[in-house]
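>>> this one's sequence-less:
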């Protein structure tokens, strides 16, 4: 026989939670008298409650004898389920009584971008002293959308080239997601201060030949294979590329290898100085990118959401 929480609490004639507590205590104590001492309930009342419980379930939970109360095979199974249900009820009660249900929660999935990470750093300073759970995930647009739809992330920022605007807007509308544009920008180049590019006043695509590009490992455009996306998103004249997921590893590599460079949304000077990097524009690069805030249709922005968006807008004005 199999039981679940719906059968105990919601089924036909819902079972009395107190009766379950009595049965669990009797099973633990091994007798009505000992359970009565623990529960401070008269033994006859406990006995009557357990009999009602057995009648509701249609099973015998205990074998009764002069030596005490022993569980039947069905009773052992029932007590196992009952303990789990009572444990869940206690967990819920403790959660609300202790105030943990009021824990601050914030979650966002974003592209790898300096102005966004700077906004998040500033946002972290204004989180109140109350308990909080904060999730910040850097990934591509596809996974950001998936995180909101399937993993309960509340906010997301997706990035795409302007020429894919209709593809993304159509996708977001199909998935019933709201979207608001944050900013438009053109990628700049960053490289080591020791790089040959650092000394140039004007940089063209041809100047990148022979160098190593550091690139994100997971570009994404809807309805296009990865190989085509890589070819379209990145200049064809680069023979050597290193694909890396983690931004910190990207910056470490850029700072230590003068032959490397990376395309980024404009980066703050404090970060460039930290890694001994310089930032330059490429006159041949005309492609415009968009960063777009997304969330589920009908979702009401929380106080933390609004605070982060405020920091995001401030960061955008500073660095883009």
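All right, it came through fine. These numbers come from a predicted model, not from an experiment.
>>> And for residue 176, the neighbour number?
10 (other C-beta atoms under 10 Å). Placement of C-beta: from N, CA and C, glycine included.
>>> and it, what is it in contact with?
By C-beta atoms under 8 Å, 6 or more residues apart in numbering, the residues touching residue 176 are 296, 297.
>>> Report the separation between it and residue 150.
14 Å (C-beta to C-beta, to the nearest Å).
>>> Residue 265 now?
For residue 265, the distance to residue 150 - C-beta to C-beta - is 27 Å.
>>> Same check on residue 196?
45 Å.
>>> Also residue 58?
Distance from residue 58 to residue 150, by C-beta to C-beta: 40 Å.
>>> ok, back up a step: show me which of residue 265 and residue 150 is the more surrounded one.
residue 265 (21 against 9).
>>> Can you tell me the centre-most residue of the protein?
When C-alpha atoms, centre = their mean is applied to the chain, the residue found nearest the centroid is residue 153 (4.9 Å).
>>> Was I right to think that one contacts residue 109?
Yes: with contact defined as C-beta atoms under 8 Å, residue 153 reaches residue 109; the gap is 5.0 Å.
>>> Following element in sequence after the lengthiest helix in the chain, please.
For the chain, the helix with the greatest residue count under DSSP state H is helix 73-97. Per DSSP states H and E, the first helix or strand lying C-terminal to helix 73-97 is strand 104-110.
>>> helices and strands around that next one, which ones?
helix 114-124, strand 132-138, helix 141-150, strand 155-161, helix 303-319 (3 or more C-beta pairs under 8 Å, 6 or more residues apart in numbering; DSSP states H and E).
>>> residues of the first one that come out buried?
Taking 16 or more other C-beta atoms under 10 Å as the neighbour-count basis, helix 114-124 is seen to contain the buried residues 114, 115, 116, 117, 118, 119, 120, 122, 123.
>>> doesn't residue 33 make contact with residue 47?
No: in this structure, residue 47 is not within contact of residue 33 by C-beta under 8 Å, at 10.5 Å.
>>> Nothing else from me, thank you.
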